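Visitor: 3D model of this:
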Amino acid sequence: MRLALCQMNATVGDIQGNAERIRAGMRAATDAGAELVLFPELALTGYPPEDLLLKEHFLADAATALRELAGQAREIVAVVGYPERAEDVFNAAAVLANESVHAIYRKVYLPNYGVFDEQRYFQAGPAGAVIEIGAASSSKVERVGLTVCEDMWEPGPPASDEAHAGASLILNISASPYHAGKGSQRERMFAQRARENVACVAFCALVGGQDELVFDGHSCVIDHSGVTIARAAQFREELLVCDVDLQAASAARLRSPSGPARSSQGTGAMRSHKSATILPALTAAASSPERTPAPLGGPLAEPLAPQEAEVYAALALGLRDYVRKNGFQRVVLGLSGGIDSALVACLAADALGAASVSTAIMPSPYSSSATQDDARALAAALGTRIHELQIAAEMNAYADSLQAEFAGREPDLTEENLQARIRGNLLMALSNKFGWLVLATGNKSEMSVGYTTLYGDLAGGFAVIKDVPKTLVYRLCTWRNSPAGAATADAIASQAGADAAAADDSTAVAARQPIPLSIIARAPSAELRHDQRDEDSLPPYELLDRILEGYVELDQSREQLIAQGLPAAEVDRTIRLVDLAEYKRRQAPPGIKITPRAFGRDRRMPITNRYRG
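Guide: Numbering: from 1, shown residues only. I've put the predicted structure just below:
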């Protein structure tokens, strides 16, 4: 059977736009001679639609669009994710064929952890389902199992029930959010499911950015022995076409002493077993019944490596989609000559094109000439517009206004924060006047311990590296300066140029080694007072990030952290800072999730909270 997996970038709420993408995918798959084409989970509405699912008219519009799509399923079978409104609301996969909605499968397992909140919106489906498909080019009828995302994340049903019902191919349409390394983990998991069920697995993934989430694509087809025979690229749309030998899977199952696995393995809860529903059979009239036989499998895109390349591409895609899907034409950020704003500037220039990026350099009397020179050199290397805004006069004006109130008190954190807030005000003024999106430049380490200023460096519309630990920021900048980093940035920039459909049809080229080495080598400092260093207020970042990984990512206790050899005093200080900073994090702009436990969507803690440790 020839499959096509349409790895598409859906926009939440854009039902007509998503439907047009699906129509285009159906046409392309038909032209490629595919008998079956898959689209991601909730492809018609985008994922996650959240409380849009509570609007009856939203569900009705989705149903209308689905019926219109079905009318164009003439020469191919299409499996499309959409929200079905019946006696309840279901996360469903619709089978479109012969100009009608031929059958509907309802997602069985609804995740309710981390970023997922599906039990708020959906009712669970009853069991697995199998559909019989016979191609016009063959008298052979194949049984194909249907699943949606979580349905295959752990062993057992519904996939095992579908395999027992004779499915030699199990489809999984998915919207699986990214974190570093997630694509490879998924692929290994699907290989295990293929071996357990002695069945081929076709995984069709969503790609694109949606608010804090990035969907990485990485769709794949795996044969019954667990070998990946086709793989789509990460972080971009693609139609993956693959030929699979389902008769080989059926023959291998006959030779298997135990057949498909029936029991639930691993750490997941035991799942109940129900017989898979056998959906009405259909015939797929392939567009080219006499197509030339092709080698089994399909394209095998190489996953991005090292991790820095993958994370950088994820951040670039998340930023590009947030900017473009929300209608912004330009972004602006404060460029300090520090490591964090350097990374954000590179990401913005690569993802959006330098012509869409403004950088504001806002020195105070405490800003060194070296950092300001570095900021200008970076902006010049990237080709971004530079705005020079001095803030000494504003600092003096604030000091004059507060002189009487602060009489007899020494300067302290108050005056430091005023500088950050002046800069935040200036950036927001540029945003208001010209309609630019302000990019905040704080990282996860600083966000964790509250080393940020409300209404200052927290000001902005989007926090690009909000979920990137400080030590990873350094690694990303070093990598971006390397030849491999420049090559990946070239691909990102070229995609940005293609998406923008530039009138001169030129191909964007990323800057080579844009970050001055002195930015990477310099000790981190907010430069809000003379000779200030971050380590005056915080543990060294290498130590801080180790503590934060245990406390934030892994929910480890004080005692567990200390047992690993981490200094007790620094553990206590870090835990206290993390707990006290919850109110600040609630007021931070959204940012891109790239770790397994991002603030906001994954880690949700009360502000008023007396539990310690």
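
Visitor: what does the residue nearest the centre of the chain show for phi and psi?
Guide: The centroid of the chain falls nearest to Val214 when counting by Cα atoms, centre = their mean (1.4 Å). Phi and psi for Val214, reported as degrees, to the nearest 10, are phi -120, psi 140.

Visitor: now Pro83
Guide: According to degrees, to the nearest 10, Pro83 has phi -90, psi 120.

Visitor: sorry, back to before: hang on, the residue nearest to the centre of the chain packs against Pro177?
Guide: Yes - counting by Cβ atoms under 8 Å, Pro177 is a contact partner of Val214 at 6.9 Å. In short, each C-beta sits where N, CA and C put it, glycine included.

Visitor: what about Arg475, how many residues nearby?
Guide: Burial of Arg475 is recorded as 16 neighbouring residues (other Cβ atoms under 10 Å).

Visitor: where's it, which helix or strand?
Guide: Assigned by DSSP states H and E, Arg475 belongs to helix 470-480.

Visitor: also Gly337?
Guide: Counting by DSSP H and E, Gly337 is part of no helix or strand.

Visitor: quick check: it touching Gln372?
Guide: Yes - using Cβ under 8 Å as the test, Gly337 is close enough to Gln372 to be in contact (5.9 Å).

Visitor: between these two, which one's more packed in?
Guide: Gly337 (26 against 18).

Visitor: got the contact list for the more buried one?
Guide: Ser367, Ser368, Ala370, Thr371, Gln372, Asp373, Asp374, Ala375, Leu378, Ile519 (Cβ atoms under 8 Å, 6 or more residues apart in numbering).

Visitor: could you check how far the biggest helix by length in the chain is from the centre of its chain?
Guide: Scanning the chain for the helix with the most residues, using DSSP state H, yields helix 413-434. With Cα atoms, centre = their mean, to the nearest Å as the basis, helix 413-434 stands 30 Å off its chain's centre.

Visitor: avg pLDDT for that helix?
Guide: Rounded to a whole number, the mean pLDDT of helix 413-434 is 93.

Visitor: and for stretch 2-9?
Guide: The model assigns stretch 2-9 a mean pLDDT of 97.

Visitor: show residues contacting that stretch.
Guide: Residues contacting stretch 2-9 (Cβ under 8 Å, 6+ apart): 18, 21-22, 25, 28-29, 32-40, 43, 202-208, 217, 219, 221, 230, 232, 237-244, 286, 291, 294, 321.

Visitor: 6 Å instead, please
Guide: Applying Cβ atoms under 6 Å, 6 or more residues apart in numbering, the contact partners of stretch 2-9 are 21, 25, 29, 32-39, 202, 204-205, 207-208, 217, 219, 232, 237-243.

Visitor: likewise for stretch 158-168?
Guide: Everything outside stretch 158-168 that qualifies as a contact, by Cβ under 6 Å, 6+ apart, is 108, 127-128, 130, 143-145, 147, 151-152, 170, 197, 199, 246, 249-250, 260-262, 276.

Visitor: just give the closest residue to Glu132, not the sequence neighbours.
Guide: Ala281 (3.7 Å; Cβ to Cβ, 6 or more residues apart in numbering).

Visitor: pretty sure that neighbour sits in a helix.
Guide: No - going by DSSP: H, G, I helix; E, B strand; the rest coil, the assignment for Ala281 is strand, not a helix.

Visitor: pretty sure it contacts Ile133?
Guide: No - at 7.6 Å, Ala281 does not count as touching Ile133 under the criterion of Cβ atoms under 6 Å.

Visitor: who has more neighbours, those two?
Guide: Between Ala281 and Ile133, counted using other Cβ under 10 Å, the more crowded position is Ile133 (21 against 13).

Visitor: quick check: that one vs Ser160, distance?
Guide: 20 Å (Cβ to Cβ, to the nearest Å).

Visitor: what's the answer for Glu75, then?
Guide: Relative to Ser160, Glu75 is positioned 33 Å away (Cβ to Cβ).

Visitor: again, but for Ile173
Guide: From Ile173 to Ser160 the distance is 18 Å (Cβ to Cβ).

Visitor: what do you get for Leu42?
Guide: In terms of Cβ to Cβ, Leu42 sits 25 Å off from Ser160.

Visitor: just Ala397 next, same as before
Guide: Ala397 is 71 Å from Ser160, by Cβ to Cβ.

Visitor: what's the burial count for Ser494?
Guide: 16.

Visitor: show me where this protein dips below the pLDDT cut-off.
Guide: 135-139, 256-274, 283-294, 497-508, 526-529, 531-532, 534, 613 (pLDDT under 70).

Visitor: try 80
Guide: For the chain, the stretches flagged by pLDDT under 80 are 134-140, 253-276, 280-295, 496-511, 524-537, 610, 612-613.

Visitor: centroid-wise, who is the farthest residue in it?
Guide: Gly408 (51.2 Å).

Visitor: which secondary structure state does that residue sit in?
Guide: Gly408 - assigned by three-state DSSP - is coil.

Visitor: now it. Its backbone dihedrals?
Guide: phi 80, psi 0.

Visitor: the residue nearest to Arg576 when sequence neighbours are not counted - how many residues pack around it?
Guide: Nearest residue to Arg576 in three dimensions, chain neighbours excluded: Arg612, at 7.6 Å (Cβ to Cβ, 6+ apart). Other residues near Arg612 come to 9 when the count uses other Cβ under 10 Å.

Visitor: can you tell me how far Arg612 sits from Ser448?
Guide: As judged by Cβ to Cβ, Arg612 and Ser448 stand 16 Å apart.

Visitor: same question, Met1
Guide: Met1 is 49 Å from Ser448, by Cβ to Cβ.

Visitor: tell me how far Tyr322 lies from Val77.
Guide: 35 Å.

Visitor: tell me which element Ala370 falls in.
Guide: helix 369-382.

Visitor: what residues does that helix touch?
Guide: Against helix 369-382 from outside (Cβ under 6 Å, 6+ apart): 335, 337, 342, 349, 354, 359, 361, 363, 386, 511, 514, 516, 518-519.

Visitor: take these and lay them out in TSV including secondary structure.
Guide: Listed next are the contacts of helix 369-382 as TSV, based on three-state DSSP:
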residue	secondary structure
Leu335	coil
Gly337	coil
Ala342	helix
Ala349	helix
Ala354	helix
Thr359	strand
Ile361	strand
Pro363	coil
Ile386	strand
Ala511	coil
Pro514	coil
Pro516	coil
Ser518	helix
Ile519	helix
